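Asks: What follows is a protein structure lacking sequence information:
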């Protein structure tokens, strides 16, 4: 049976657990061997039948008490839900010590069981009680040996009866303290290992949460830049078609409904693609330049359906080069978001989308001559409670992921320029990952 300071096998690192287990097994084996030898010598000593019978009975009782304590402790160590013998450890030690004292009165051969008892006292009792208990046990051991050897008259024998127990007790104390130091170190290692496991689990959870958040932000950007813009266009075109039907202009209504159908089909394709993490389906069918050119034409149509006159054109500068899908998608989303803001808010008459391929970078500028705005005030209110105002924030996040930059130049009454720069040099992860 172990005391409060006893380590649990299931809680130790493998190396320390093996060492501590070997020490405990050696203690129990040593106790059993010494008890067995003492019983054999008692049976062969030729004492009276009463003394021999009493000694054998007490020895069996001591062995049973010792075995019960160690078995209960072992079962508890294997399963913390089992009976906990720890509160009764000191009573168990007192019974073991009392039976040992009775056996010493019968035969001096039982005296050597004191050495395993020294270790038990160090394990179960706190140090302030263990050391006095060992000293008292040593004194009783010396007294019992003197009692059984009185009259021998040999000074050497008297000296051995004193030095043997004293040196044995000292050795037990040193070994027990070393065992306790080893246990403390093993316990610290166990706690450190548990802390490491907790840290790893927390890191895994944080990485999972970060991944979920990143995916949520990706979907939010895609919804804002594709579905939300498309639905706005569908609503606008539906209203325009109603007005055309009310005015008897069936051709205009048919044209608006065709635009609604095309926009809805495009939204459906976009939704399927961004759920799978793919690029825009428009880019799968044509080049980025052609897609932007069609976007400008569509913007003019939507503005006209709203009753506004907006001339939107696309310009290409430089020699086009193959761009990775993340570049093309980001530039397309930027143009879609910027032009949607132009026809919805800017009240502009002209909008120009310029895609330029320069040495080491690709740029896109979206200019309009509309009402303009205060960029500082817009940055302070990028996210509003109604879910709008996230266009620039979303675009910045896209560009940051590609090491790009976004500049917005505007002022009330002076129009707006949205300038995007994406590097084409080596070291950019999107370019290195592209085929």
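Replies: Sure thing, it's come through. What you are looking at is a predicted structure, and each value in this text was computed from that prediction instead of being measured.

Asks: Packing partners of the host helix or strand of residue 396?
Replies: In this assignment (DSSP states H and E), residue 396 forms part of helix 391-401. On a contact count with 3 or more C-beta pairs under 8 Å, 6 or more residues apart in numbering; DSSP states H and E, helix 391-401 meets helix 155-222, helix 325-341, strand 405-410, strand 416-423. No exception for glycine: its C-beta is placed from N, CA and C like everyone else's.

Asks: which parts of the helix or strand containing residue 232 are buried?
Replies: Residue 232 belongs to helix 229-246 when assigned by DSSP H and E. By neighbour count on 16 or more other C-beta atoms under 10 Å, the buried set for helix 229-246 is 229-230, 233-234, 236-237, 240-241, 244.

Asks: ok, now stretch 410-425?
Replies: In stretch 410-425, counting by 16+ other C-beta under 10 Å, buried: 410, 415-418, 420-424.

Asks: Next: stretch 166-186.
Replies: Of the residues in stretch 166-186, 168-169, 172-173, 175-176, 179-180, 183, 186 count as buried by neighbour count, 16+ other C-beta under 10 Å.

Asks: quick one on the thing from earlier: which one of the buried residues of stretch 410-425 is nearest to residue 292?
Replies: Nearest to residue 292 among the buried residues of stretch 410-425: residue 420, at 12.2 Å, using C-beta to C-beta.

Asks: How about that closest one: which residues does it bridge to?
Replies: Judged by DSSP bridges, the bridge partners of residue 420 are residue 364, residue 406.

Asks: For it, give me its contacts.
Replies: Counting by C-beta atoms under 8 Å, 6 or more residues apart in numbering, residue 420 touches 331, 334, 363-365, 395, 399, 404-406.

Asks: what about the residue nearest to residue 395 when sequence neighbours are not counted, distance to residue 320?
Replies: Excluding the flanking residues, the one nearest residue 395 by C-beta to C-beta, 6 or more residues apart in numbering is residue 334, at 5.4 Å. Going from residue 334 to residue 320 by C-beta to C-beta, to the nearest Å gives 17 Å.

Asks: In the protein, where is pLDDT below threshold?
Replies: 1-17, 19-20, 150-161, 215, 218-226, 273-285, 378-391, 425-435 (pLDDT under 70).

Asks: re the thing from before, report all helices and strands that the helix holding residue 232 contacts.
Replies: The helices and strands touching helix 229-246, judged by 3+ C-beta pairs under 8 Å, 6+ apart, are helix 250-275, helix 288-305, helix 325-341.

Asks: and the angle from the longest one to helix 288-305?
Replies: Interaxial angle, helix 250-275 versus helix 288-305 (axes from the mean of the first three to the mean of the last three C-alpha atoms, to 10 degrees): 140 degrees.

Asks: now the shortest one
Replies: Taking the same axes, to 10 degrees, one finds that helix 325-341 is oriented at 20 degrees with respect to helix 288-305.

Asks: After helix 325-341, which helix or strand is next?
Replies: Next along the chain after helix 325-341, taking DSSP H and E as the criterion, comes strand 350-358.

Asks: Packing partners of that next one?
Replies: Secondary-structure packing of strand 350-358 (3+ C-beta pairs under 8 Å, 6+ apart): helix 288-305, strand 311-317, helix 325-341, strand 361-368.

Asks: which stretch among those comes nearest residue 266?
Replies: Set against residue 266 and scored by C-beta to C-beta, these come closest in helix 288-305, at 9.6 Å.

Asks: what angle do that closest one and strand 311-317 make?
Replies: Using the same axes, to 10 degrees: helix 288-305 against strand 311-317 is 170 degrees.

Asks: Show me which parts of helix 288-305 are buried, residue by residue.
Replies: Under the neighbour-count criterion of 16+ other C-beta under 10 Å, helix 288-305 has 288, 291-293, 295-296, 298-305 buried.

Asks: Same check on stretch 53-67?
Replies: So for stretch 53-67, counting by 16+ other C-beta under 10 Å, buried means 54-55, 58-59, 62-63, 65-66.
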